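J.: structure of the sequence below:
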Amino acid sequence: MLVSTKGRYALRVMIDLAQRQDGDYIPLKEIAQRQEISEKYLESIIKLLVRARLLTGLRGKGGGYKLTQSPEQYTAGQILRLTEESLAPVACLEEQAAPCPRTAQCPTRALWEGLDRVIRDYLDQITLADLARPEGPVSPPAPQ
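T.: Numbers count the residues shown, from 1 in each chain. The predicted model follows:
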């Protein structure tokens, strides 16, 4: 699994907005400047986030973007699943994957399923509020 630029930038945008929760809409230009992301590229990411109803937008003077929910209600997993084609560690575990003819005798299938579960569980326990804190998220304990 390799998280794309789109996924990383979507997280940065969402964190930026979570850190500025005062009820006002934040202009795209301000977000782009703070995050050092081109406005044009950021527009495509924002459009995706608005379409998924993670953000709401307002045009015109005083317009911009803001979160539709509190930061505690978003997870890193939710945001990354929206922007990435897949978070699966191998192709056979992707959502739209064709059934693998080797599944029944695959000696590594359980390994990949376990890794997939760890990735999903980890990303789904980290909220946007966790990421927006100055000290960042608390790392979970290492598996035993």
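J.: contacts only, for Ala132.
T.: 15, 18-19, 71 (Cβ atoms under 8 Å, 6 or more residues apart in numbering). In short, each C-beta sits where N, CA and C put it, glycine included.
J.: out of those residues, who's nearest Val118?
T.: Ranked by distance to Val118 (Cβ to Cβ), the contacts of Ala132 are led by Ile15 at 23.0 Å.
J.: make sure the closest one is actually in contact with Leu131.
T.: Yes - counting by Cβ atoms under 8 Å, Ile15 does reach Leu131; the two are 5.0 Å apart.
J.: tell me which helix or strand of the chain sits lowest on mean pLDDT?
T.: When the helices and strands of the chain are scored by mean pLDDT, DSSP states H and E, helix 109-125 comes last with a mean of 92.
J.: list the buried residues of it.
T.: 109, 112, 115-116, 119, 123 (16 or more other Cβ atoms under 10 Å).
J.: want to try CSV for those residues, with distance to Ile45 as columns?
T.: CSV is the format used below for these (distance: Cβ to Cβ, whole Å):
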residue, distance to Ile45
Arg109, 34
Trp112, 29
Leu115, 27
Asp116, 25
Ile119, 22
Leu123, 18
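J.: just those residues now: which is nearest Lys6?
T.: Among these, and counting by Cβ to Cβ, the member closest to Lys6 is Leu123, at 15.6 Å.
J.: just give the nearest non-adjacent residue to that closest one, would you?
T.: Nearest residue to Leu123 in three dimensions, chain neighbours excluded: Gly77, at 3.4 Å (Cβ to Cβ, 6 or more residues apart in numbering).
J.: did I read that right, that neighbour in a helix?
T.: Yes - counting by DSSP: H, G, I helix; E, B strand; the rest coil, Gly77 is located in a helix.
J.: so it sits right up against Thr127, yeah?
T.: No - using Cβ under 8 Å, Gly77 is not in contact with Thr127, being 9.9 Å away.
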